[in-house]
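>>> pasting the sequence and the predicted coordinates here, then a few questions.
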Amino acid sequence: MQLNTTEQHEAFRAKVREFAETDIKPIATTLDLENQFPDEIVKKMGELGILGIPFPEKYGGGGMDTTSYAIGVEELSRVDAGVGVILSAHVSLGCYPIYNYGTEAQKKKYLVPMAKGEKLGAFGLTESEAGSDAGGTETTAEFDGENYILNGNKIFITNAPKADVYIIFAVTTPGIGIKGISAFIVEKGWEGFEFGEHYDKLGIRSSSTAELIFNNVKVPKENLLGPEGKGFNIAMNTLDGGRIGIAAQALGIGQGAFESALEYAKEREQFGKAIAHQQVISFKLADMATELRASRLMVYSAAELKDTGKPFAMESAMAKQFASDNTLKIVNDALQIYGGAGYIKGSDVERFYRDAKITTIYEGTNEIQRVVISSYLVGKEPKATGVPAKKGPTTGDRKKMIFKDADQKKNVAALVESLKKDGYDFSVGIPIDTPIAQAERVVSAGRGVGPESNMKLIEELAKQSGSAIGCSRPVAETLHYLPLSRYVGMSGQKFKGNLYIACGISGAGQHLKGIKDASTIVAINVNPNAKIFKNADYGIVGDIEEVLPLLSQALDTGAAKKEAPPMVKIKRSKPKKSAPSYKFYVCGGCGYEYDAAKGDPEGEVAPGTLFKDLPEEWTCPSCGEEKTAFIEGY
């Protein structure tokens, strides 16, 4: 390994540093405070060739190496970590999968403009139930003979909604776990591809992060990235390289915090001398410099291994984990050196302090990095022999009765009749401002409520159903239609009452976890693929501007609501379990029975996989007989 960078590396560092100091540093505080994406900065990064650093010139890139790329992320993050991760997500996660796995046609169509900085890239893997465990992916892509029909959602996506091209992972073959996941290139602007909540983050606030929503999005078959069923491998290999970028980001944050603290310590005087000459401070500075050098060597070493074609997955995990953990210590010491002056908004060390934490979380938490590292040292853990529990809806078993008549009046009438059968009395009610945690009923508004004027529909439905008013996080935090005290979710107010009517709520994981104890959940949403329907007892697919007035009218008794008696918890009505609709198959060699409900965990066959859907190479887990040796049972 070269322990020192080359002249070309340092010349490139000087170029990026000058750009960062001149163009980014003067506005970094404003970008942070206003949660503002730096459109003009990103445009100039493209013009300077920064967005295509490590890709060949024939694909529009700069023809440089991974070390140069790491230096670019480091230098940008030294001034603004949000800008640093824009570059990291674009190059490592948006471009690299196309460069490594794309066809020549895909590279020309997508990689060339992305490397030139004409288009921005992003990566969509994370879901509410699939983060570190990518095998929990629920987004689906069903092939209809011409296109893949994409349905589902992704959360915490860096560069969304600003990015133009997204690498999306979805299940193409259900029931076989990670082997059924495929990768796709998806363009912003395609019909059915929308963006949900824009997250108001603790740090890296100049970076845009949002939810992706796919509702019957047609993805051309030529946009399948790599072979079908190899998406998991593509994702994991991409993240191996992406961790070099995040390690470089952490390094840059630490370097920026160290330089700021060093300068301050030389200027700040106490007890008749600069605090830099107080031993307790000088030792902090010495430790910070040592930790930075160690981190830098690990980052550049992983980059060099990648460039020389040597295995680097363990080393990139080490670099990411080590650099980010060290940076947390460095920013903490930097703020301590500043004292109270560093705790004020607008101070760069205060911003570095907030920015640093995310580097220990995304592209694999540092706990996952240790799992990766240890797996290389001790080998992978043996497969479990037991049958894993099959994941159900976040809110538990629900009826999932969706009323689908073309006439919405009939749907509303069926819903009201069902609720009355369940024991709900709509002649009584509670005050509309009852605290969520104490409310027996809640009508809740999501982002799908539309303009603020539609909150009148929510208020009227709450009045006629005898409910309090609640909302999802975006409605309170982003749209400001309601105060934060009305926000329902795991991180907000938890609803443990009887009836919860979700209007225009898509079903984010943290929201669903906040209503899982509700006796009855009703979903009203225009998107038939919204996750809320899988977690509801009753549902109506339709525009809330049409459905809510009909429902309010149906619940109107013609008289003022009487005061509701003290809440009695209604027992949740669980769906009836029907007899298995599939047949058992018996091995002709040993008598082993294949049960689709259990699958074959040892053979990586997920519960719920029918016998006909088993891979042809599957064999009896008991005696090894081939699939053709099985006979139909009962």
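Alright, I've got the coordinates.
>>> for E381, which non-adjacent residue is closest in space?
Spatial nearest neighbour of E381, chain neighbours left out: S375 (7.8 Å); criterion: Cβ to Cβ, 6 or more residues apart in numbering. All C-beta atoms are positioned from the backbone trio N, CA, C, and that covers glycine.
>>> now do the strand or helix carrying that neighbour: which elements does it pack against?
Using DSSP states H and E, S375 sits within helix 366-378. Counting contacts by 3 or more Cβ pairs under 8 Å, 6 or more residues apart in numbering; DSSP states H and E, helix 366-378 is packed against helix 313-338.
>>> can you give me the buried ones in the helix it packs on?
313-328, 330-331, 333-335, 337-338 (16 or more other Cβ atoms under 10 Å).
>>> hey, C-alpha coordinates of the helix holding S375 in PDB?
Once side chains and other backbone atoms are set aside, the C-alpha atoms of helix 366-378 remain, and they are given as PDB (Å, rounded to 0.1, in the frame of the first residue of the first chain):
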ATOM      1  CA  ASN A 366     -21.900   0.200  12.900                       C
ATOM      2  CA  GLU A 367     -23.400  -2.800  14.600                       C
ATOM      3  CA  ILE A 368     -23.900  -4.300  11.200                       C
ATOM      4  CA  GLN A 369     -20.400  -3.400  10.200                       C
ATOM      5  CA  ARG A 370     -19.200  -5.400  13.200                       C
ATOM      6  CA  VAL A 371     -21.300  -8.300  12.000                       C
ATOM      7  CA  VAL A 372     -19.700  -8.000   8.500                       C
ATOM      8  CA  ILE A 373     -16.200  -7.900   9.900                       C
ATOM      9  CA  SER A 374     -16.700 -10.800  12.300                       C
ATOM     10  CA  SER A 375     -18.200 -12.900   9.600                       C
ATOM     11  CA  TYR A 376     -15.000 -12.600   7.700                       C
ATOM     12  CA  LEU A 377     -13.000 -13.600  10.800                       C
ATOM     13  CA  VAL A 378     -15.100 -16.500  12.100                       C
END
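>>> residues of that helix that come out buried?
Applying a neighbour-count criterion of 16+ other Cβ under 10 Å, one finds N366, I368, Q369, V372, I373 buried in helix 366-378.
>>> what comes into contact with it?
Defining contact as Cβ atoms under 8 Å, 6 or more residues apart in numbering, one finds that helix 366-378 is touched by 132, 243, 313-314, 317-318, 320-321, 324-325, 360, 364, 381.
>>> most widely separated two among the residues you listed?
Using Cβ to Cβ, those reach their maximum pairwise distance at S324 and E381, which is 24.6 Å.
>>> re earlier: so for the residue nearest to E381, what's the pLDDT?
With respect to pLDDT, S375 has a value of 92.
>>> tabulate the buried residues of helix 366-378 (JSON lines), appending distance to V165.
Conversion of these to JSON lines gives the following (distance: Cβ to Cβ, whole Å):
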{"residue": "N366", "distance to V165": "29"}
{"residue": "I368", "distance to V165": "26"}
{"residue": "Q369", "distance to V165": "27"}
{"residue": "V372", "distance to V165": "27"}
{"residue": "I373", "distance to V165": "32"}
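>>> could you pick out the longest helix of the chain?
In the chain, with assignment by DSSP state H, the single longest helix is helix 231-267.
>>> orientation of it relative to helix 366-378 in degrees?
Using axes from the mean of the first three to the mean of the last three Cα atoms, to 10 degrees, one finds that helix 231-267 and helix 366-378 are set 120 degrees apart in direction.
>>> how far is helix 231-267 from where the chain is centred?
In terms of Cα atoms, centre = their mean, to the nearest Å, the centre of helix 231-267 is found 20 Å from the chain centre.
>>> again with stretch 147-157
11 Å.
>>> so what touches stretch 478-495?
When contacts are taken as Cβ under 8 Å, 6+ apart, the neighbours of stretch 478-495 outside the stretch itself are 197-198, 200, 435-437, 439, 442, 444-445, 447, 449, 452, 455, 469-473, 475-477, 508-511, 513-515, 517-518.
>>> cutoff 7 Å now
The set of residues that contact stretch 478-495 without belonging to it, under Cβ atoms under 7 Å, 6 or more residues apart in numbering, is 198, 436-437, 439, 442, 444-445, 452, 455, 469-473, 475-477, 510-511, 513-515, 518.
>>> now, which of these lie within helices?
M455, R473, V475, A476, E477, Q510, H511, K513.
>>> ok, which pair from those residues is furthest apart?
Checked with Cβ to Cβ, the ones in helices among the contacts of stretch 478-495 reach their widest spread between M455 and K513, with 24.6 Å between them.
>>> listing partners with orientation, what would you give for the helix or strand just after the longest helix of the chain?
Sequence order places strand 269-270 as the next helix or strand after helix 231-267, per DSSP H and E. Using DSSP bridges, strand 269-270 pairs in its sheet with strand 273-274 (antiparallel).
>>> quick one: contacts for G226?
Taking Cβ under 7 Å, 6+ apart, we find G226 in contact with Y101, A183, I234.
>>> same thing but 10 Å
The neighbours of G226, taking Cβ atoms under 10 Å, 6 or more residues apart in numbering as the test, are P97, I98, N100, Y101, G102, T103, Q106, S182, A183, F184, N233, I234.
>>> likewise for E267?
Contact partners of E267, counting by Cβ under 10 Å, 6+ apart, are A274, I275, A276.
>>> put together CSV for those residues, with neighbour count on each row.
Supplementary listing: these in CSV, determined by neighbours: other Cβ atoms under 10 Å:
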residue, neighbour count
A274, 15
I275, 19
A276, 19
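>>> out of those, who's nearest A502?
Using Cβ to Cβ, the contacts of E267 come closest to A502 at I275, 55.5 Å.
>>> correct me, but the closest one touches A341?
No: the pair I275 and A341 does not pass the contact test of Cβ atoms under 10 Å, sitting 11.7 Å apart.
>>> in stretch 435-446, what's buried?
Buried residues in stretch 435-446, counting neighbours by 16+ other Cβ under 10 Å, are found at I436, A439, E440, R441, V442, V443, S444, A445, G446.
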